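Visitor: Build me a model from this:
(one chain, ligands or ions: 1)
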Amino acid sequence: MCPGKEKGLSIALKDLAKNHVHRLRPYIPGKPIEILERQLGVKNALKFASNENPLGPSPLALKALRESNHLLNRYPDSSSYFLREKLAERFGFPMGQFIVGNGTTQLIELICHVFLGPGDEAVIADPSFLMYPICIELMGAKAVMVPLKDYRHDLPAMAKALSPRTKIVFICNPNNPSGTIVTKPEVREFFSKVPEHVVVVFDEAYHEYVEHKEYPDAMEYLREGRLVIVLRTFSKVYALAGLRVGYGVASEEMISLLNAVSIPFTATCLGQVAALASLNDEKQIARSLKVNSEGMQFLSDKFSRMGLGIVESYANFMAVDLKTDARELSAELERKALIIRAVGLGLPASFARITVGTQRENERLVEGLKEVLRGKKRKKEERRVR
Ligand SMILES: *Cc1c(COP(=O)(O)O)cnc(C)c1O
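Guide: Numbering: from 1, shown residues only. Prediction:
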């Protein structure tokens, strides 16, 4: 068989695919715990790589899940009626202004589907959430990348990057992977320069974690009648990443367009049931926020004392300058059953993104990191002696 050719085909399969498809770069997720445990033959791996909530879901969500097994032979309610009803009541918009999807990730794809084709552009920060360029390029459109400034969105530069071909701007607030935010006055200034036909998407996956007076709630811009879409998720503080539920809020007309390009049944029945129940558990959210802010403080102190560089974060993770090859260091940490994220984020090569764990988890991470860094220093000295 010729390399690059399927058996029996006289042409390479990739030449049959649409033009832009073989240029797509896949998303590189954090390594799942069970995969590392299988590789190492251990049972106690810890993951700090995907910004998951280490406390796990609300007990109310777990109870609702146990009581929902009888639903499994039925298709889910494709409209997510009860979840949207609850969200409508919570945020004060009509139900028709909500869409529920298979994670926020799916909603990002739907937005690109509606607005982008070859010749179109979308403006994004660099680095930011990697699903944006992936979904933009999936449509054959161009991702216009505007470098962060001091690890923050450079909104004036993003405004300058708008062209007549720009259809969408993505603002990730807080930004993944840097953890930084843009403020209300900065967004106001930005809106004054954005033409009215450009859709501004606020990805607020970490919204619930932010404590800052000037942090905007993008739903306010929607109330003012601006052309914005607000994205939130049940994957982060609500701790339901495995069930894939995210939601978007926008005008009813926008929601109809997004629904028009979606396949049905993207939000599963268990996902809907668990999301609905977790919205009733304020206590679990409060506990999660407390564990996160204490853990963030603990890790920041330890990392600073170890001479590492940290970017001040408002979310449940932080970008850390490990002052050495981060990919190598993360491979060594994996041998100690500790997973951090050093690849596929667009950060400089000495940076990793580390999710805040529980106190015990954080302590184990700091110990592991110290051991690995000590080992590296020892090796360096040995080399110098020789
Ligand atoms: C985690 C994350 C999401 C959520 O993705 P889901 O598909 O809902 O799990 C969205 N945006 C950003 C920036 C994220 O980091």
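Visitor: So which bits of this protein are right by the ligand?
Guide: 51, 103-105, 129, 172, 176, 203, 205, 233, 235-236, 241, 246 (CB under 6 Å from any ligand atom). From N, CA and C alone the C-beta is placed, and that goes for glycine too.
Visitor: So which of those residues belong to helices?
Guide: Per DSSP state H, helices hold the following members of those: 103-105.
Visitor: how about a markdown table for those, with neighbour count and pLDDT added?
Guide: As requested, these are exported to a markdown table (neighbours: other CB atoms under 10 Å; pLDDT from 0 to 100):
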| residue | neighbour count | pLDDT |
| --- | --- | --- |
| G103 | 23 | 98 |
| T104 | 24 | 98 |
| T105 | 20 | 97 |
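Visitor: Out of the residues of the chain next to the ligand, which is nearest to the ligand?
Guide: G103 (2.5 Å; CB to the nearest ligand atom).
Visitor: what residues are up against the closest one?
Guide: 233, 235, 244-246 (CB atoms under 8 Å, 6 or more residues apart in numbering).
Visitor: Which one (most neighbours) among the residues you listed?
Guide: Most neighbours among the contacts of G103, by other CB atoms under 10 Å: V245, with 29 neighbours.
Visitor: just checking, that one touches A267?
Guide: Yes: contact criterion CB atoms under 8 Å: V245 and A267 qualify, at 5.8 Å.
Visitor: which residues are common contacts for those two?
Guide: Common contact partners of V245 and A267 (CB under 8 Å, 6+ apart): 83, 100-102.
Visitor: Could you save those as CSV and add columns showing neighbour count?
Guide: As requested, the shared contacts of V245 and A267 are arranged in CSV below (neighbours: other CB atoms under 10 Å):
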residue, neighbour count
L83, 24
V100, 24
G101, 25
N102, 20
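Visitor: Which ones among the residues you listed map onto helices?
Guide: Those of the shared contacts of V245 and A267 lying in helices (DSSP H): L83.
Visitor: Which two among the residues of the chain next to the ligand are spaced furthest apart?
Guide: Across these, no pair lies farther apart than C172 and A241, at 17.2 Å, counting by CB to CB.
Visitor: What residues of the helix or strand containing L369 count as buried?
Guide: Per DSSP states H and E, L369 falls inside helix 359-385. Applying a neighbour-count criterion of 16 or more other CB atoms under 10 Å, one finds 361-362, 364-366, 368-369, 372-373 buried in helix 359-385.
Visitor: Of C172 and A241, which one has the most company?
Guide: Using other CB under 10 Å, the more surrounded residue of C172 and A241 is C172, with 26 against 17.
Visitor: Give the full set of residues in contact with the more buried one.
Guide: So C172 contacts 125, 128-129, 132, 153, 203, 205 (CB under 8 Å, 6+ apart).
Visitor: Apply 10 Å and report the result again.
Guide: With contact set as CB atoms under 10 Å, 6 or more residues apart in numbering, C172 has these partners: 124-125, 127-129, 131-132, 153, 178, 180-182, 201-206, 231.
Visitor: Tell me how many other residues surround I310.
Guide: When neighbours are counted by other CB under 10 Å, I310 comes out with 18.
Visitor: which residue ranges form the strands in the stretch 51-200 of the chain?
Guide: 98-101, 121-126, 142-147, 166-172, 199-203 (DSSP state E, counting those that start in this stretch).
Visitor: Same list (these) but as TSV, adding mean pLDDT.
Guide: Shown next, in TSV, are these (pLDDT from 0 to 100):
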stretch	mean pLDDT
strand 98-101	98
strand 121-126	98
strand 142-147	98
strand 166-172	98
strand 199-203	98
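Visitor: Thank you, goodbye.
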